[in-house]
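Participant: When you get a sec, could you give me coordinates for this:
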Amino acid sequence: MLKEKDFIEIAYTGRIKETNQVFDTTDINVAKKENIYNENFTYIPRIICVGQKHILQFIDKNLIGKKVNDSFILELTPENGFGLKDQNLVKVVSTNELREQKINPFPGLQLNASGLLGTVRSVNGGRTTIDFNHPLAGKNLVYEIKINKLITENKEKLVGLLNNLLGLNSKDYELKLENNKAEVNLKSKIPENFKEEFKKKVKELIPELETNI
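Facilitator: The predicted model follows:
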């Protein structure tokens, strides 16, 4: 049975319960069938560490006690998913001000304001309504989940941590591992404090591994 700090490979598809619309999947065939395929995204099962919040916390908790090859369905309320809608995060701004910033607002447009991602909900006359809630806030969700395998190789574990902690894919780095010493050469710079936190987490979750990044 799975326990905290086990590394596993997991496949899943997430849907909005009310509409059955797929919003996330690790299966390329599902992505293409549901018209959410993005050529910049890699559709493969994910390697995660149980109990480390590499996936929604409600799902994470429900992995404990499961077994390899288990397939199951979880229903998530908004509280267990991406939160309830917060009306304080719905803002009305001047359409002219946006156009002065060379932004031509239309419903569905996503924009970044002061580090917050917002979605334009409506444009009426001189006013534009922008929703800074998570797009899935207030939604009931359904996840179909399959636990493919237990990860035992340190290289695979490290690949999972690079993805989950730093958001890196295989094209973003070169990885060499020999005699429990790992060398990660990044193809772009990341802040030094991120590197230090990453090395601390690796030492916690893969204690026998010495990592340089």
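Participant: How about the contacts made by residue 169?
Facilitator: Residues near residue 169 by Cβ atoms under 8 Å, 6 or more residues apart in numbering: 42, 163. Where you see a C-beta, it was placed from the backbone N, CA and C, and this is true even at glycine.
Participant: now swap in residue 172 and tell me
Facilitator: With Cβ under 8 Å, 6+ apart, residue 172 has these contacts: 162, 186, 187, 188.
Participant: And those, which of them are buried?
Facilitator: Buried by 16 or more other Cβ atoms under 10 Å: residue 162, out of the contacts of residue 172.
Participant: So which of the contacts of residue 172 belong to strands?
Facilitator: Mapping these onto strands (DSSP state E) picks out residue 186.
Participant: Out of the contacts of residue 172, which is nearest to residue 106?
Facilitator: Nearest to residue 106 among those, counting by Cβ to Cβ, is residue 188 at 32.6 Å.
Participant: Distance of the closest one relative to residue 169?
Facilitator: Taking Cβ to Cβ, to the nearest Å as the measure, residue 188 falls 12 Å from residue 169.
Participant: likewise residue 70?
Facilitator: 27 Å.
Participant: The chain: strands as residue ranges?
Facilitator: 7-16, 22-25, 46-49, 71-76, 90-94, 110-113, 116-124, 127-131, 141-150, 173-178, 181-186, 210-212.
Participant: Spatially nearest residue to the residue nearest in space to the middle of the chain, not counting backbone neighbours?
Facilitator: Geometric centre of the chain, nearest residue: residue 55, 6.8 Å, by Cα atoms, centre = their mean. Distance criterion Cβ to Cβ, 6 or more residues apart in numbering; nearest residue to residue 55, sequence neighbours excluded, is residue 48 at 5.7 Å.
Participant: Give the burial count for the one you found, as a bare number.
Facilitator: Residue 48 is flanked by 23 other residues according to other Cβ atoms under 10 Å.
Participant: got the contact list for it?
Facilitator: Going by Cβ under 8 Å, 6+ apart, residue 48 touches 7, 8, 10, 54, 55, 160, 164.
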